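Engineer: no sequence for this one, just the structure:
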């Protein structure tokens, strides 16, 4: 069973490592499943992009930190506080022998964070808590922190203080890689629903059936996952494609943006899309037909206001905001 994501520290992580000036800046110019941008934050890139050249380098601060090498347990970290941290520095303290991570993958990362000024541990995920942190490897500070790492690696990173937080020492343990396509067991097709065929890389193609579009939300499980059930208000990580019932044309797709999974809260999408998330297991692939009333019909100015929409959704991870 796939573990539920913990959101104990990602916000902290992003704000701290963004000091490197490498935050993702791309936007999605096409309509998305939400009224705003559910899934429009990923930049279209080659998923095979090599991140090795982007990694932060070592330096005097991180070299003054001693980290134990037993990756089966939460790391023991020793340093003299206060530790002066002038820059983001990085060192691989344990070189794993597993698969090397690549752009666009979902990486299972346990992390422990220390205040460099006091030596106090201030946060952790994946050790004393059951869930582990899953993060999309992208053109962000996180990507540079774990860039080019292999599964089984332990990485130490320092980030300097800013006006609103002290300097930190981060320990990242790369515990595994989650598939970027649904891995559940295939289910029988549902009569009357659109036909979905998958390319070798998981990219879906949708064939719209003949006849009038349904006037109510229609759902079908294409693959039954084995992970946690998505709860109302969770933040999900998905791949998805949206096409119009009227002509079968694609209007939005994470697959068309480099096949990089995207994350958003279930409360941030239109009602029909939300129904394809909440109550389903991680690892599932869900097909949903969304009439205007459960889509963009409430916004008459929206270009999809009168359209019945079809979404194919691969649910890859789920996060509980209350875990913060």
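Structural biologist: It's in. This structure is a prediction, so every number in the text was calculated from the model and none was measured.
Engineer: quick one: the helices in the stretch 1-150 of the chain?
Structural biologist: Secondary structure of the stretch 1-150 of the chain (DSSP state H, counting those that start in this stretch): helices at 10-17, 60-63, 141-145.
Engineer: Mean pLDDT lowest where, among these?
Structural biologist: When the helices of the stretch 1-150 of the chain are ranked by mean pLDDT, helix 10-17 comes last with a mean of 45.
Engineer: the bottom helix or strand of this structure by mean pLDDT?
Structural biologist: Ranked by mean pLDDT, DSSP states H and E, the helix or strand of the chain with the weakest confidence is helix 10-17, at a mean of 45.
Engineer: Can you list the residue ranges for strands in the stretch 151-300 of the chain?
Structural biologist: Counting by DSSP state E, counting those that start in this stretch, the stretch 151-300 of the chain has these strands, from start to end: 154-159, 168-178, 185-186, 195-198, 204-207, 218-224, 235-244, 250-253, 262-265, 285-290.
Engineer: Okay, and the beta partners of the closest residue to residue 114 other than its chain neighbours?
Structural biologist: Closest residue to residue 114 apart from its sequence neighbours, by Cβ to Cβ, 6 or more residues apart in numbering: residue 169 at 4.3 Å. In short, each C-beta sits where N, CA and C put it, glycine included. Residue 169 has these beta-bridge partners by DSSP bridges: residue 114, residue 158.
Engineer: my guess is residue 169 contacts residue 111, does it?
Structural biologist: No. Residue 169 is beyond contact range of residue 111, at 11.0 Å (criterion: Cβ atoms under 8 Å).
Engineer: what is in contact with the two at once?
Structural biologist: Here residue 169 and residue 111 share no contacting residue, scored by Cβ atoms under 8 Å, 6 or more residues apart in numbering.
Engineer: what does the model give residue 262 for pLDDT?
Structural biologist: With respect to pLDDT, residue 262 scores 89.
Engineer: That one bridge partners, please.
Structural biologist: residue 238.
Engineer: Counting neighbours, what do you get for it?
Structural biologist: By other Cβ atoms under 10 Å, 23 other residues sit near residue 262.
Engineer: just to revisit the earlier point, JSON lines for the strands of the stretch 151-300 of the chain, including distance to residue 319?
Structural biologist: Rendered in JSON lines, the data for the strands of the stretch 151-300 of the chain read as follows (distance: least, Cβ to Cβ, whole Å):
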{"stretch": "strand 154-159", "distance to residue 319": "22"}
{"stretch": "strand 168-178", "distance to residue 319": "13"}
{"stretch": "strand 185-186", "distance to residue 319": "24"}
{"stretch": "strand 195-198", "distance to residue 319": "26"}
{"stretch": "strand 204-207", "distance to residue 319": "24"}
{"stretch": "strand 218-224", "distance to residue 319": "21"}
{"stretch": "strand 235-244", "distance to residue 319": "4"}
{"stretch": "strand 250-253", "distance to residue 319": "22"}
{"stretch": "strand 262-265", "distance to residue 319": "8"}
{"stretch": "strand 285-290", "distance to residue 319": "18"}
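Engineer: Of those strands, which is nearest residue 93?
Structural biologist: In terms of Cβ to Cβ, the element of the strands of the stretch 151-300 of the chain nearest to residue 93 is strand 154-159, at 4.9 Å.
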